[in-house]
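Participant: My questions are about this predicted structure, shown below with the sequence.
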Amino acid sequence: MEIETGAKAPSFCLLDHNEKETALKDFAGKWVVLYFYPKDNTPGCTAEAVEFTARLKDFEKLGAVVLGVSADSPKSHRTFIEKQKLGLRLLSDTDKKMLQAYGVWKKKKMAGREYMGIVRTTFLITPEGKLVKLWPKVKVKGHVDEVLAALKERKG
């Protein structure tokens with residue numbers, strides 16, 4: 001399922017790295033940067049998480065919260081956060097329902113084999129819960145700056 005900009009963001013309720021339930025409705029009235037990444041402690045995912053952490057204060061000044069989502073367990077997320085000194089809230093979608101709702105659980109190819117996995121994707125969600133921007137198949141380098149620029153532009 002593909003999601004279009006302008007659509008209402010699919011609701012969710014997942015456990016974060018502290019095993020605390022986190023739902024989209026918890027952030028009503030705030031901008032949400034929702035980024036999906038394949039796996040904790042892999043090079044690209046680490047670089048992306050470190051960059052989001054480095055710019056977290058800039059997002060917060062603009063009234064935005066940054067949430068990372070993968071299929072890793074809350075325990076894996078805790079280890080990732082501690083090892084990389086991340087300041088992010090990471091959500092765990094082990095049953096992949098949210099990944100499917102957002103259309104990021106797809107067939108991928110690597111080294112000639114096909115498998116299902118998370119396609120690195122970021123969504124910008126308005127305080128009213130609408131998807132206003134989406135970055136499919138994200139390239140990590142420079143991505144956080146792109147997201148921040150888009151948020152600044154939309155906030156006017």
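Facilitator: That came through fine.
Participant: Identify the bridge partners of the most centrally placed residue in the chain.
Facilitator: Closest to where the C-alpha atoms of the chain average out (Cα atoms, centre = their mean) is residue 35, at 1.6 Å. Beta bridges link residue 35 to residue 68, residue 122 when assigned by DSSP bridges.
Participant: With residue 22 instead?
Facilitator: In beta-bridge terms (that is, DSSP bridges), residue 22 pairs with residue 14.
Participant: gap between it and residue 50?
Facilitator: Counting by Cβ to Cβ, to the nearest Å, the separation of residue 22 from residue 50 is 21 Å. All C-beta atoms are positioned from the backbone trio N, CA, C, and that covers glycine.
Participant: between those two, who's got more neighbours?
Facilitator: For the pair residue 22 and residue 50, the greater number of neighbours falls to residue 22 (21 against 16), based on other Cβ atoms under 10 Å.
Participant: roughly how far apart are that one and residue 94?
Facilitator: For residue 22 relative to residue 94 (Cβ to Cβ), the value is 14 Å.
Participant: So what are the sheet partners of the helix or strand bottoming out on mean pLDDT in the chain and their directions?
Facilitator: Of all helical and strand segments in the chain, the minimum by mean pLDDT, DSSP states H and E falls on strand 105-110, at a mean of 90. Using DSSP bridges, the neighbouring strands of strand 105-110 in the sheet come out as strand 113-118 (antiparallel).
Participant: CA atoms only: put the strand it pairs with into CSV for me.
Facilitator: Taking C-alpha atoms only, strand 113-118 is exported to CSV below (Å, rounded to 0.1, in the frame of the first residue of the first chain):
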residue,chain,number,x,y,z
ARG,A,113,18.6,-12.4,-3.7
GLU,A,114,15.1,-11.0,-3.0
TYR,A,115,13.7,-10.6,0.5
MET,A,116,11.2,-8.5,2.4
GLY,A,117,12.6,-5.6,4.4
ILE,A,118,12.2,-2.0,5.4
